[in-house]
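Participant: Pasting the sequence and the predicted model now:
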Amino acid sequence: MTSTAKLPPPTGDRAPHPEHLSHVIFITAAAAMGGFLFGYDSSVINGAVEAIRSRYDIGSAALAQVIAVALIGCAIGAATAGRIADRIGRIRCMRISAALFTISAVGSALPFDIYDLAVWRIVGGFAIGMASVIGPAYIAEVSPAAYRGRLGSFQQAAIVIGIALSQLVNFGILQLADGDQRGRLLGLEAWQWMLGVMVVPALLYGMLTLAIPESPRYLISVGRTQRAKEVLAEVENKEVDLDARVAEIEQAMRREHKSAFRDLRGGRFYFLPIVWVGIGLSMFQQLVGINVAFYYSATLWQSVGVDPSSSFFYSFTTSIVNIIGTVIAMVLVDRVGRRPLALIGSAGMALALAFEAWAFSAPLVNGELPGTEGAVALVAAHVFVLFFALSWGVVVWVFLGEMFPNRIRAAALGVAAAAQWIANWAITASFPSLSDWNLSGTYVIYTCFAVLSIPFVLVFVKETKGKTLEEMG
């Protein structure tokens, strides 16, 4: 997937020898396969929304809960993944996630009723939540500091590729079913195939975990120092003193204990300030409404008069723009820095969302947006996704993998990721009802969150570019 990516040579003493680079990229790409499944499973439901509404004869509020219920599983998976990974290791945690993705794909494709479908979506959500935590944490722990920003961005690259491929697969299945989401293919309806195809990448993810090493920090924590040195030798500069590197990690770990939720408490507002910053980053990433573009875009375009085939095509083109923006971020994140990209993205998103709000305020003519407003809505939707992808889509994951002190990293990352899924659930569950109330007003709300993210970054978020994890405290 991303294993062929080329990284420009870094500078500084921590740059790895070129002979290690392809191996480091392979390890990172394999770990990021969880991100691919995260994106695929999150977005694939986009192609099934209207078919599920039709098959089970449910209204917007009930439909929203079926779509959003997976996010409850995501929040639980994200909140517990750090503890699980500290107990049994990062690799075993990835394997559990791969197994849950596989089970969810099969169950979602063959539900007995709407409640059964909801259960399998919760199972898949738990797997997504685990992947959202373990991927960035593992990548941060095996990456040399000079490359960590770009390698950390592999997680988001994998997510957006998973989103795009899910839309392409959905579009292909729809064409095979003659444009009918409930058309029959080999005994199943088209939407069931859309949800079931995920079993293929889920099995691949499980196999890839057999080919990558355990995190050196976890290995040191359980006393397997020699194996940790072997892993560090695979990923660090060949001139690095492995004994000194292990001593550095051990010294950092001696200042900490197994991270737990109680370690995050401090100050007047329950959590330590740095934890609140992580929670804020996670929530703003979702409150701008990005997942409306990936969960509901086909339904959204159909609601303003676009035919089903074209709406699926626009969902796919949006995903391609998402990939382009992510590649831009991967190139710039270690050169420009995390904070500047976040600020640029916030400004661009706010402007694009404001144009969408204006376009959707126009009254429909024969069930469609007028020509000018329709064109503006379509362009603004793509621009919004572009600015999100080149900024918040990548830098939040990089920040969350880097910003916390070692002593609280796993637990703090779990809490921040859980907050992200709760915000995601709030947006996903509320969109159908909000859009029924006032589609333009809904986008005004998202615009306000994009604007508010600018002072948040300026006041509370510190740059982490070029720092080792041990320097975080």
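Facilitator: Noted; the coordinates are in hand.
Participant: wait, Ala419 sits on Phe284?
Facilitator: No: using C-beta atoms under 8 Å, Ala419 makes no contact with Phe284, being 10.3 Å away. (Each C-beta comes from the backbone N, C-alpha and C, glycine too.)
Participant: mean confidence score for stretch 465-473?
Facilitator: Here stretch 465-473 scores 58 as its mean pLDDT.
Participant: again but with stretch 420-438, I slipped
Facilitator: Average pLDDT, stretch 420-438: 85.
Participant: Let's see stretch 240-256 as PDB, backbone CA atoms only.
Facilitator: Output of stretch 240-256 as PDB, limited to C-alpha atoms (Å, rounded to 0.1, in the frame of the first residue of the first chain):
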ATOM      1  CA  VAL A 240      24.100   4.600  17.200                       C
ATOM      2  CA  ASP A 241      25.400   3.100  20.400                       C
ATOM      3  CA  LEU A 242      22.700   0.500  21.100                       C
ATOM      4  CA  ASP A 243      23.700   0.100  24.800                       C
ATOM      5  CA  ALA A 244      23.400   3.900  25.200                       C
ATOM      6  CA  ARG A 245      20.100   4.000  23.300                       C
ATOM      7  CA  VAL A 246      18.700   1.200  25.600                       C
ATOM      8  CA  ALA A 247      20.000   3.000  28.600                       C
ATOM      9  CA  GLU A 248      18.300   6.200  27.400                       C
ATOM     10  CA  ILE A 249      15.000   4.400  27.100                       C
ATOM     11  CA  GLU A 250      15.400   2.600  30.400                       C
ATOM     12  CA  GLN A 251      16.200   5.900  32.200                       C
ATOM     13  CA  ALA A 252      13.000   7.400  30.700                       C
ATOM     14  CA  MET A 253      11.000   4.300  31.800                       C
ATOM     15  CA  ARG A 254      12.400   4.400  35.300                       C
ATOM     16  CA  ARG A 255      10.900   7.800  35.700                       C
ATOM     17  CA  GLU A 256       7.500   6.300  34.900                       C
END
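Participant: shouldn't Pro405 be in contact with Ile274?
Facilitator: Yes: Pro405 lies in contact with Ile274 (C-beta under 8 Å); the separation is 7.4 Å.
Participant: burial of Ala426, as a residue count?
Facilitator: Using other C-beta atoms under 10 Å, Ala426 has 15 other residues around it.
Participant: again, but for Arg339
Facilitator: Residues near Arg339, counting by other C-beta under 10 Å, number 17.
Participant: Now do it, the pLDDT please.
Facilitator: pLDDT recorded at Arg339 is 90.
Participant: now swap in His20 and tell me
Facilitator: Looking at His20, its pLDDT reads 68.
Participant: Name the residues of the helix or strand harbouring Ser43 that are buried.
Facilitator: Counting by DSSP states H and E, the element that carries Ser43 is helix 33-44. Across helix 33-44, burial judged by 16 or more other C-beta atoms under 10 Å covers 33-44.
Participant: Wait, Phe387 touches Ala352, no?
Facilitator: Yes: counting by C-beta under 8 Å, Phe387 does reach Ala352; the two are 6.3 Å apart.
Participant: Tell me how far Thr143 lies from Gly401.
Facilitator: Actually, residue 143 is Ser rather than Thr. Distance, Ser143 to Gly401, by C-beta to C-beta, to the nearest Å: 9 Å.
Participant: intersection of neighbour lists for the two?
Facilitator: Each of Gly152 lies in contact with both Ser143 and Gly401 under the rule C-beta atoms under 8 Å, 6 or more residues apart in numbering.
Participant: Show me where the stretch 201-350 of the chain has its helices.
Facilitator: Using DSSP state H, counting those that start in this stretch, the helices of the stretch 201-350 of the chain run over 216-221, 225-235, 242-254, 273-287, 292-295, 297-303, 308-332, 338-360.
Participant: Quick one: closest of the ones you listed to Leu378.
Facilitator: Leu378 lies closest to helix 308-332 among the helices of the stretch 201-350 of the chain, at 6.9 Å (C-beta to C-beta).
Participant: Could you count how many residues lie near Asp302?
Facilitator: Quick fix: residue 302 reads Gln, not Asp. The number of residues packed near Gln302 is 18, by other C-beta under 10 Å.
Participant: Kindly compare burial across the helices of the stretch 201-350 of the chain and name the winner.
Facilitator: helix 292-295 (a mean of 24; mean count of other C-beta atoms under 10 Å).
Participant: So what touches it?
Facilitator: Contacts for helix 292-295 (C-beta under 8 Å, 6+ apart): 42-43, 45-46, 49, 67, 163, 300, 315, 318-319, 381, 384-385, 427-428, 431, 446.
Participant: Tell me which residues touch Val160, please.
Facilitator: Listed by C-beta under 8 Å, 6+ apart, the contact set of Val160 reads 39, 319, 322-323, 325-326, 389, 393.
Participant: from these, which is closest to Val106?
Facilitator: After measuring these against Val106 - C-beta to C-beta - the closest member comes out as Gly39, at 19.5 Å.
Participant: Could you look up the SS state of the residue lying closest to the closest one once chain neighbours are set aside?
Facilitator: Spatial nearest neighbour of Gly39, excluding adjacent residues (C-beta to C-beta, 6 or more residues apart in numbering): Gly162 at 2.9 Å. With DSSP: H, G, I helix; E, B strand; the rest coil as the basis, the three-state label of Gly162 is helix.
Participant: Next, the angle helix 225-235 makes with the helix or strand harbouring Ala140.
Facilitator: Using DSSP H and E, Ala140 sits in helix 114-142. Here helix 114-142 runs at an angle of 80 degrees relative to helix 225-235 (axes from the mean of the first three to the mean of the last three C-alpha atoms, to 10 degrees).
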